[in-house]
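>>> Here is the input, now give the coordinates:
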Amino acid sequence: MTLDQLKTFLWVSRLGGVRKAAIEMNLSQPAISGRIAALEESLGVVLFDRTSKGLDLTKRGILLREHAERIADIVESIKGEVVPFESVDSLLRLGVAETIVQLWLPAFVSELYRIYPKIKIEITVDLSVNLEQQLLARSLDLAILMGPISDFSIENTALPSIDLAWFCAPGRQNSDLNAMPILSYSRNSRPYLELRHEMTNRYGNDFKIFSSISVTAGLEMVSSGIGVGIFPRQLGMKLIAEGRIVEFDPGWTLGPLIFTASHLGDPRSELCAQAAELAVKVAKKSIRK
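Now for the predicted structure:
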C-alpha cells in the first residue's frame, strides 16, 4: 500500500469514477485502474462495487476512506510545517471577485510571490456566483468572493467586511432615489438583490436600477451624471479626491459586503489554507490605508 494508491483511491471515491479521477490527477485511466487494483490486492478486499452509474464504495471501502482522509490531512500538515515556503512549486488556481481586484488583489499576489517564489498562479475574475460554481466543480483552488459558501466540502475564511456608501455627481446630493437611475452591482449579485428588496419596501415599484458587472464602470457612470450609485466606500475615494463624485446620505444604506477566502476542505490543501490566511492580513492592511 502506497501513498499514491491512497491518493488515487480518495479521488476515485470523491468523484465516483475512474475517468473523472484521471482528469483531476492528470493520469491515464489505465493508470488509475491499476493503482486501485494494486491497492485492493495488497489489502485483500474489494473497495468498490462496479455499477452502471459508476463506482460505489463497499463497506470496506468506506472504512478505508476514513483512514485515507486522515493520512491525507497528515501529509498536508507535514508539507506545511516541514517543506520550506521557497520550495513550494504548486499551481494555485485563484478566482477573485472584481471588487477585490480593485481593492487589494495586486498586493495579495505580490505577497504570495514573495513568500512562495516558485508557485504558479492562474487568476479568474468573475461574479461571486460563478466563482462558487467553479470552486465546487474543482476548477478553482481558492476563491475570494462574497461568501460564505454553505457546502460541507468548503472551508471559508472570513475577510474584513467592506462598507458601502452612496455616491453621486457633484451638485446632486439632494437627488431622490426614486427619481433617477441607481447604479449597482450585477443583477445576479447579493448587493443587487438586497438593494432591490430595500427599494421595493421604501418606494414600491417606482424606481430604476442599472446593474453592471464592473464596479469601475458603475462609478464612472455615476460621475457622468447618469444616476446615483451604491458601491464600496473605499473604491469611491479616488474619484472623490479628483472632484468627480461626492458621497451623500439619503438616510439609509445597505449593510457591508461580506467576503471570504474559500477553498476545498476535502482534499485539504495547506497552500490554499495559508493563502487564505494571507488574504486576511493583506485585506486588513488595505483597509487601514
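>>> State the pLDDT value of the residue nearest to the spatial centre of the chain.
Ranked by distance to the mean C-alpha position of the chain (Cα atoms, centre = their mean), the top residue is Ala143 at 2.0 Å. Here, the pLDDT recorded for Ala143 equals 97.
>>> Hmm, it is touching Leu131, no?
Yes. Counting by Cβ atoms under 8 Å, Leu131 is a contact partner of Ala143 at 4.4 Å. (Each C-beta comes from the backbone N, C-alpha and C, glycine too.)
>>> related to what we said a few turns ago, show me what secondary structure element comes after the helix or strand encompassing the residue nearest to the centre of the chain.
Ala143 is located in strand 142-146, with elements delineated by DSSP states H and E. Next helix or strand after strand 142-146 toward the C-terminus (DSSP H and E): strand 154-158.
>>> That following strand: how far from the chain's middle?
Centroid separation for strand 154-158 versus its chain: 9 Å, with Cα atoms, centre = their mean, to the nearest Å.
>>> repeat for stretch 241-257
Using Cα atoms, centre = their mean, the offset of stretch 241-257 from its chain centre is 27 Å.
>>> So which residues of the stretch 1-150 of the chain form helices?
All helices of the stretch 1-150 of the chain, identified by DSSP state H, counting those that start in this stretch, fall at 3-15, 18-25, 29-43, 59-82, 98-103, 105-115, 128-136.
>>> Tell me what angle the fourth one forms with helix 29-43.
To tie it back to what came earlier, the one meant is helix 59-82. Helix 59-82 runs at 100 degrees relative to helix 29-43, counting by axes from the mean of the first three to the mean of the last three Cα atoms, to 10 degrees.
>>> same for helix 59-82, what does it pack against?
Judged by 3 or more Cβ pairs under 8 Å, 6 or more residues apart in numbering; DSSP states H and E, helix 59-82 is in contact with helix 3-15, helix 270-288.
>>> Just name the most buried of those.
When the helices and strands packed on helix 59-82 are scored by mean count of other Cβ atoms under 10 Å, the highest mean neighbour count falls to helix 3-15 (a mean of 20).
>>> so what secondary structure elements neighbour it?
Going by 3+ Cβ pairs under 8 Å, 6+ apart, helix 3-15 lies up against helix 18-25, helix 29-43, strand 54-57, helix 59-82.
>>> Now do that helix: everything it contacts.
If you take Cβ atoms under 8 Å, 6 or more residues apart in numbering as the criterion, helix 3-15 is touched by 18, 21, 24-25, 27, 32, 35-36, 38-39, 42, 47-48, 55, 57, 61, 64-65, 68-69, 71-72, 75, 266-267.
>>> switch the cut-off to 7 Å
Under the criterion Cβ atoms under 7 Å, 6 or more residues apart in numbering, residues 18, 21, 24-25, 32, 35-36, 38-39, 47, 55, 57, 61, 64-65, 68-69, 71-72, 75, 267 lie in contact with helix 3-15.
>>> One more: stretch 50-59?
12-13, 16-17, 46-49, 65.
>>> among those, who's most crowded?
Neighbour counts for the contacts of stretch 50-59 (other Cβ atoms under 10 Å) peak at Val12, which has 28 neighbours.
>>> For the closest residue to Tyr203 other than its chain neighbours, grab phi and psi.
Of all residues not flanking Tyr203 in the chain, Asn178 sits nearest, at 4.3 Å (Cβ to Cβ, 6 or more residues apart in numbering). Dihedral pair for Asn178: phi -90, psi 10, per degrees, to the nearest 10.
>>> still on that earlier bit, show me the one of the helices and strands packed on helix 59-82 that comes nearest Leu135.
Between Leu135 and the helices and strands packed on helix 59-82, the tightest spacing by Cβ to Cβ is seen for helix 270-288, at 10.3 Å.
>>> Kindly reformat the helices of the stretch 1-150 of the chain as CSV containing mean pLDDT and distance to Glu220.
Listed next are these as CSV, based on pLDDT from 0 to 100; distance: least, Cβ to Cβ, whole Å:
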stretch, mean pLDDT, distance to Glu220
helix 3-15, 90, 44
helix 18-25, 88, 41
helix 29-43, 93, 51
helix 59-82, 84, 43
helix 98-103, 94, 12
helix 105-115, 94, 20
helix 128-136, 93, 22
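>>> Can I get the ones you listed in a markdown table including distance to Leu254?
Below are the helices of the stretch 1-150 of the chain laid out as a markdown table (distance: least, Cβ to Cβ, whole Å):
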| stretch | distance to Leu254 |
| --- | --- |
| helix 3-15 | 38 |
| helix 18-25 | 39 |
| helix 29-43 | 49 |
| helix 59-82 | 38 |
| helix 98-103 | 14 |
| helix 105-115 | 23 |
| helix 128-136 | 16 |
